[in-house]
Every structure is written in C-alpha cells, then in structure tokens.
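Chemist: Pasting a predicted model and its sequence here:
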Amino acid sequence: MRLRIGTWVTNSLFWLFLLGASTSVTANTSAESLERLSNIQNLAERRYGNLAADSVSRWRHLLDASYNLPEREKLHRINKFFNLHVYYDEDKKIWQKADYWATPLETLARARGDCEDFTIAKYISLRLLDIPANKLKLTYVNLYPVIGDNSDKQAHMVLAYYPDEQSDPLILDNLQGKILPASKRPELKPVFSFNDSTMWVDGQQSDVKPQLRLSRWRDVLNRMHDDGL
C-alpha cells in the first residue's frame, strides 16, 4: 500500500485531548540552538544529578557530530540513540501519573519513557538537526500485535519522516530498531498526526493548531521552552 503525506491517518478521533488555551511554542532549529544544550546539561546536573548530566552530554555530542550529515543518517543515529539509552516503562511507574508527556531532558534524566516520550525526544532532536517540521509527524497509531485481529489493538505513537510529499513515510519506533517504510509496518494503523504547527485528521489538514487541540503537546512544549529548548 502506497501511503501519502496527510493521508496516513484514519477517522478515529477518540485519541484527541481536551481543548486548551492558545500557545505558540516551538523548538529552536538552528546550529546556534545546539549551543544552548550546554545550559541544558548544567540544568540536568542541578535538577537530576551527574548521571542525568552525562546522558545529556552524550546527546549533545551526538547532535554536534550529526549536524552536517545527510537526513537519512540523522534519522538512523537519533533513532538508535534513544532506543539504546532509554528503557520503556509506563507513566504510572515513572511519573505516578496515568499519562504524562516528558521533555527530552526528563526522558534522558530518568532513562525511561513510554512511546510518546521516545517519539517526542526523537522529533525534537531531528528538529534541532534542522530537519524541517513538514517532513516530520508525531503519529498516533493503533498497534495490532496479530494482524487481522482487531480485538487486541494497543495504543502507540511513532515518528513518521516524509522525504517528500509523495513518499511512503519512514517510521521511527521504539518497538522496532530498524527504520522501515510505513507500508512495511502493516501492524500499525494510523489515527492522527501532528507537528509544531499542523494537525492531520481523517486525511485532511486541520485548521486548528495542535497546541490548541492537544493539551499535553502544549504543556510539553512549554516545559521545553522553560528549559531553554
């Protein structure tokens, strides 16, 4: 199946979060932004200790070393880094909350996260490496462990990368180490997707900004802004 940008979604809206107040916070995306990560490292040490600062240091070095690489190589390096350095765990165990979207700093400090945390960390990292937002979509999916068995679907989030508007997106996933085209991941059925500025629902671009519709996205962007990202 050939999947096109803006259409790798379905009409299921049960994932949408509560409406909230308007916020226009986005990650900075230039080489100068990488210099700010030294402040993030200091913040990690003050807030979480030496181990957290070491994790942020490794992240900084990865971003510095990857900045001038081709986009595909950036994808592979970022995907591998977080899949290796962060362990999957549930929000209830990490944050004592039913659903919490962590910033990259929080995820690296705890070295644990759920699928949203992996996806957010990869998205922000690639934005810091100057991959345009219109090539990246944080995508909610239904995961079917057994293809064709609709009784056992699970909620999941992945990051989709579109080389161009007509491309089959590449999927960065904490459950799969290898980056594969969406057409090679039949167990994933998309629900809706979003990035810094746009949301796509039912194959159509929404007029509502994602920060307005997705309160947890708005909140995590605010916290990243406060941390200097």
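Modeler: That came through, no problem.
Chemist: hey, let's count contacts and neighbours off CA atoms from now on
Modeler: Fine.
Chemist: Quick one: find the helix or strand in the chain with the lowest mean pLDDT.
Modeler: Among the secondary structure pieces of the chain, namely its helices and strands, helix 31-35 has the lowest mean (mean pLDDT, DSSP states H and E), a mean of 64.
Chemist: which secondary structure elements does whichever helix or strand comes after that one contact?
Modeler: Going down the chain from helix 31-35, the next helix or strand is helix 37-48, by DSSP states H and E. Taking 3 or more C-alpha pairs under 8 Å, 6 or more residues apart in numbering; DSSP states H and E as the contact definition, the neighbouring helices and strands of helix 37-48 are helix 50-66, helix 104-110.
Chemist: Centre of the chain to helix 37-48, how far?
Modeler: Computed by C-alpha atoms, centre = their mean, to the nearest Å, the separation of helix 37-48 from the middle of its chain amounts to 21 Å.
Chemist: And for stretch 77-94?
Modeler: Between the mean C-alpha position of stretch 77-94 and that of its chain there is a distance of 11 Å (C-alpha atoms, centre = their mean).
Chemist: tell me how far the ends of that stretch are from each other?
Modeler: Here the two ends of stretch 77-94 are set 26 Å apart, with distance taken as C-alpha to C-alpha, to the nearest Å.
Chemist: Helix or strand: which one has D117?
Modeler: For D117, the secondary-structure element it belongs to, assigned by DSSP H and E, is helix 115-128.
Chemist: pLDDT of that helix, averaged?
Modeler: Mean per-residue pLDDT for helix 115-128: 97.
Chemist: Toward the C-terminus, what is the element adjacent to it?
Modeler: Downstream of helix 115-128, the next assigned helix or strand under DSSP H and E is strand 136-143.
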